[in-house]
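[1] missing the sequence, but the structure's below:
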């Protein structure tokens, strides 16, 4: 429960625009969750995902990508590669690469999202 409270505090700090403090709190929540739950846990992936959001807001794109990729690996192993949460992380990774000016790498991630969605929804679906 302590790890969840610390994680939630990080979310509140993001909402308040206190990104530096939120990053520190998410690091604490991440350490707690990893020590209590192990590194291959959905709650750990959630904290990584939210911490990545803060690092993206702080323009620390390399840290954001690192944490998003870690969250992607965890969620993909737990939920499969066609899960909505996994696809969302892939979109976010592509977006951060584009913010970094690494457009080709960003396109690779977004093309993979499109491939997964086409496989699941078909070429004629409105969401494509």
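    Right, received. Where do you want to start? Quick caveat: nothing in here was measured; it's all calculated off a predicted structure. Residues are numbered from 1 along each chain as shown.
[2] show me the contacts for the residue nearest in space to the middle of the chain.
    A centroid search over the chain (CA atoms, centre = their mean) returns residue 49, at 3.1 Å, as the residue closest to the centre. Residues near residue 49 by CB atoms under 8 Å, 6 or more residues apart in numbering: 67, 68, 71, 89, 92. Using the backbone N, CA and C atoms, a C-beta is placed for each residue, glycine as well.
[3] change it to 7 Å
    Contacts for residue 49 (CB atoms under 7 Å, 6 or more residues apart in numbering) come out as 68, 71, 89.
[4] And for the closest residue to residue 11 other than its chain neighbours, the neighbour number?
    Spatially, and ignoring its direct neighbours in sequence, residue 11 is nearest to residue 50 (6.4 Å; CB to CB, 6 or more residues apart in numbering). Number of residues near residue 50 (other CB atoms under 10 Å) recorded here: 22.
[5] I'd like the distance between residue 50 and residue 44.
    Distance from residue 50 to residue 44, counting by CB to CB, to the nearest Å: 11 Å.
[6] And residue 74, by the same measure?
    The gap separating residue 74 from residue 44 is 6 Å, by CB to CB.
[7] Residues touching whichever strand or helix holds residue 112, excluding its own?
    In this structure, residue 112 sits in helix 103-121 according to DSSP states H and E. Identification of contacts with helix 103-121 by CB under 7 Å, 6+ apart yields 81, 82, 87, 90, 91, 93, 94, 95, 97, 98, 127, 128.
[8] biggest separation within those residues, which pair?
    Of all pairs drawn from the contacts of helix 103-121, the greatest distance, 23.3 Å, lies between 82 and 98 (CB to CB).
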